[in-house]
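>>> Quick one, what's the 3D model for this:
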Amino acid sequence: MDNVFDFRNQLVEEYSTFSRSFAKISAPDIRQAVEQEYNAGRYWPQPLIQINPNYRRDASVQQLAGNGTLHPLCDEIFRTGKPEGHNGELTLFKHQLEALAKGQAKQSYVVTTPTVAVRVLM
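Model (predicted):
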């Protein structure tokens, strides 16, 4: 992928073709109105891109389970280092906590987060 914006446009075009493929609208006035909505981009707003390599850590799962934000069993289940016999706290990023709050408020959201770095010892 050379250009994220070209990729986005390609993705929107493919999804547009797909979403139009499963409904055949016979009434010309309704078909025209729906096409106008598609062409106006109603179903796929412009992308919001934020680049920030410094994700800020916030509260741990254990703190959230302790204060009642998360179910108490989350304290035991979500820990770091369990396969290695360690039992560390799992700290969430600020944007993950914001997503959690939206979910608890029954609001829609999309959250992305960095991948986990893996260290291989040889």
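>>> What number of residues are in the vicinity of the residue nearest to residue 66 when sequence neighbours are not counted?
Leaving aside its chain neighbours, residue 66 sits nearest to residue 75 (7.0 Å; criterion: C-beta to C-beta, 6 or more residues apart in numbering). Quick note: C-beta positions are derived from backbone N, CA and C, even for glycine. Close neighbours of residue 75, defined as other C-beta atoms under 10 Å, add up to 18.
>>> Same question for the helix or strand hosting residue 75: list its buried residues.
Secondary structure from DSSP states H and E places residue 75 in helix 74-77. Across helix 74-77, burial judged by 16 or more other C-beta atoms under 10 Å covers 74-75.
>>> Quick one: mean pLDDT for that helix?
Helix 74-77 comes out with an average pLDDT of 92.
>>> Could you pull up the residues touching the residue nearest to residue 66?
Counting by C-beta atoms under 8 Å, 6 or more residues apart in numbering, residue 75 touches 61-62, 65-66.
>>> From these, list the buried ones, please.
The neighbour-count test (16+ other C-beta under 10 Å) marks 61-62, 65 as buried among the contacts of residue 75.
>>> Show me the domain layout of the chain.
When the chain is parsed with automatic domain parsing, its domains come out as 4-39, 57-104.
>>> Need the winner for burial among those.
Among these, domain 57-104 has the highest mean neighbour count (mean count of other C-beta atoms under 10 Å), at a mean of 14.
>>> Between the two ends of that domain, how far is it?
In terms of C-alpha to C-alpha, to the nearest Å, the two terminal residues of domain 57-104 are separated by 20 Å.
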